[in-house]
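Engineer: based on what follows, work out the 3D shape:
(one chain, ligands or ions: 1)
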Amino acid sequence: MAVVVLIAVSSQHLFAQVSNILPSYYGVKDALVAGDANAAAARAGELLKAIDGVDMSKMPGKDHTAFMAVKDKLAFDARHISEKKEIGHQREHFASLSTNMMTLAKDVKLSEQAIYEDYCPMKKATWLTNDQTIKNPYYGSSMLTCGKIKSTLKP
Ligand SMILES: [Cu+2]
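Structural biologist: Residues are numbered from 1 along each chain as shown. Below you'll find the model as predicted:
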């Protein structure tokens, strides 16, 4: 007897494969807001694990393609942040990490919450957050509230 199982998957579903990526990224962001290079390195190590742990074969085709397009770039910046415990260097990588994370977030549902893309006009760089309050990860306490919400991804 043949058993056919049909699984309907909504495109709005948050897949387990990617569920650790954004929380780990937020961990890096919070460490940079706090100006803590060691914590940023540790959180970036978790992010790298989350990226490397994704089994692309278990992702729907559209998500698979979108993830594959940025995976290496995300891993590159996460690895550098995790290895170089120097905050200036980490913040350079965080800028491109954030750009690529936004590219991914537009195509693959990464969170059940809204994602805000904030922009720092001094650094000319963006970062992602789930919080509408501006806490700038590029300068830490010296420029904590510099920036504005540039765009919002609704869950
Ligand atoms: Cu580097």
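
Engineer: helix or strand for residue 23, which one?
Structural biologist: helix 21-33 (DSSP states H and E).

Engineer: show me what the next helix or strand after that helix is packed against.
Structural biologist: Once the chain leaves helix 21-33, the next helix or strand it forms, by DSSP H and E, is helix 37-52. On a contact count with 3 or more Cβ pairs under 8 Å, 6 or more residues apart in numbering; DSSP states H and E, helix 37-52 meets helix 21-33, helix 61-83, helix 87-107. No exception for glycine: its C-beta is placed from N, CA and C like everyone else's.

Engineer: and residue 23, how close does it get to residue 141?
Structural biologist: Residue 23 sits 24 Å away from residue 141, taking Cβ to Cβ, to the nearest Å as the criterion.

Engineer: who has more neighbours, the two?
Structural biologist: The neighbour count for residue 23 versus residue 141, taken as other Cβ atoms under 10 Å, is higher for residue 23 (15 against 9).

Engineer: which residues sit in contact with that one?
Structural biologist: Under the criterion of Cβ atoms under 8 Å, 6 or more residues apart in numbering, residue 23 has no neighbours.

Engineer: gap between it and residue 104?
Structural biologist: The value you get for residue 23 to residue 104, if Cβ to Cβ is used, is 14 Å.
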